[in-house]
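# build me a model:
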Amino acid sequence: MRKHLRKFLPDHEAIRTNRWLAPFENTLLHPRLWHLNRRSAAGGFAVGLYCGLIPGPFQMLGAAVFAVAFRVNLPLALFTTLYTNPFTIIPLYLVAYRLGLFALGAESGTFVPPPEHGVGNLLEWMRAMGDWMLGLGAPLAFGVLLLANVLAALGYAIVRLGWRLYLIRAWRKRRLHRNARTS
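Numbers count the residues shown, from 1 in each chain. All right, here's what the predicted structure looks like:
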């Protein structure tokens, strides 16, 4: 499995020669950030899933900080944040809102749809959108944290299980191949 994932990962030399990353060379070139094994891959995947729900452009920054802090695979953490995009973020936040309502025991009928975007004043629509988002408040915030934790835990478990199943299959194939040669 490591062979397949290495095709997509940059090497140490690409990081070392990048002039923008030069000040962070000592931190970013830590071996555990680039080593690909079942623990680091599962951790990187979980970090990416967790940080993918951070709003705006801070997803990759958060994933990088968490990957460095937990010493998990950095490129995989950064790549995994891409599961959120303009098409998936709204359904994910709606799920998080519903999850937050359920977890907090609030009424589920309090959801107000977002304001419609008119061709008129963009500033007025942005202000209405901000008010709408603030109105969601605690259920959304708690739901996002809860959903991020659930996704991270599930992602970690799935990657660990998938890696383990891949290894068992490879071991069996190798054993069958070895037994066929000796027979």
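
# what's Ala64 in contact with, if anything?
74, 77-78 (CB atoms under 8 Å, 6 or more residues apart in numbering). For every residue, glycine as well, the C-beta is placed using N, CA and C.

# which one (most neighbours) among those?
If you count neighbours using other CB atoms under 10 Å, the busiest of the contacts of Ala64 is Ala77, which has 31 neighbours.

# and the pLDDT for it?
Predicted confidence (pLDDT) for Ala77: 93.

# hmm, it is touching Leu49, no?
No: with contact defined as CB atoms under 8 Å, Ala77 does not reach Leu49; the gap is 9.1 Å.

# follow-up on the earlier one: inside helices: which ones of the contacts of Ala64?
By the criterion of DSSP state H, membership of the contacts of Ala64 in helices covers 74, 77-78.

# can you tell me which of those lies nearest to Gly56?
Leu78 (15.6 Å; CB to CB).

# run through the protein and note the low-pLDDT ranges.
For the chain, residues meeting the criterion pLDDT under 70 lie at 1-13, 15-16, 20-29, 107-112, 118-120.

# how about a cut-off of 80?
Confidence mapping of the chain against pLDDT under 80 gives the ranges 1-32, 34, 56, 106-122, 125-126, 128-138, 183.

# where along the chain do the helices fall?
Ranges of helices in the chain, per DSSP H, are 2-6, 12-17, 25-28, 31-34, 38-51, 59-70, 74-80, 89-104, 122-182.

# work out the gap between the longest one and the centre of the chain.
Yep, that's helix 122-182 we're talking about. The gap between the average C-alpha position of helix 122-182 and the chain average comes to 7 Å, counting by CA atoms, centre = their mean, to the nearest Å.

# next one: stretch 40-52
Averaging C-alpha coordinates over stretch 40-52 and over its chain gives two centres that are 5 Å apart (CA atoms, centre = their mean).

# what's that stretch in contact with?
5, 32, 59-60, 62-63, 66-67, 70-84, 148-149, 151-157, 159-160, 163.

# let's see 6 Å
Among residues not part of stretch 40-52, those counted as contacts by CB atoms under 6 Å, 6 or more residues apart in numbering are 59, 62-63, 66-67, 70, 72-73, 76-77, 80-81, 83-84, 148, 151-152, 155-156, 159-160.

# with stretch 140-151 instead?
Around stretch 140-151, the neighbours that count as contacts under CB under 6 Å, 6+ apart are 49-50, 53, 96-97, 99-100, 103.

# can you say which of the helices of the chain is nearest to Glu116?
Smallest distance to Glu116 across the helices of the chain (CB to CB): 8.3 Å, for helix 122-182.

# that closest one vs helix 38-51, what angle?
Direction vectors for helix 122-182 and helix 38-51, defined by axes from the mean of the first three to the mean of the last three CA atoms, to 10 degrees, enclose an angle of 160 degrees.

# buried stuff in stretch 89-98?
Applying a neighbour-count criterion of 16 or more other CB atoms under 10 Å, the buried positions in stretch 89-98 are 89, 92-93, 96-98.
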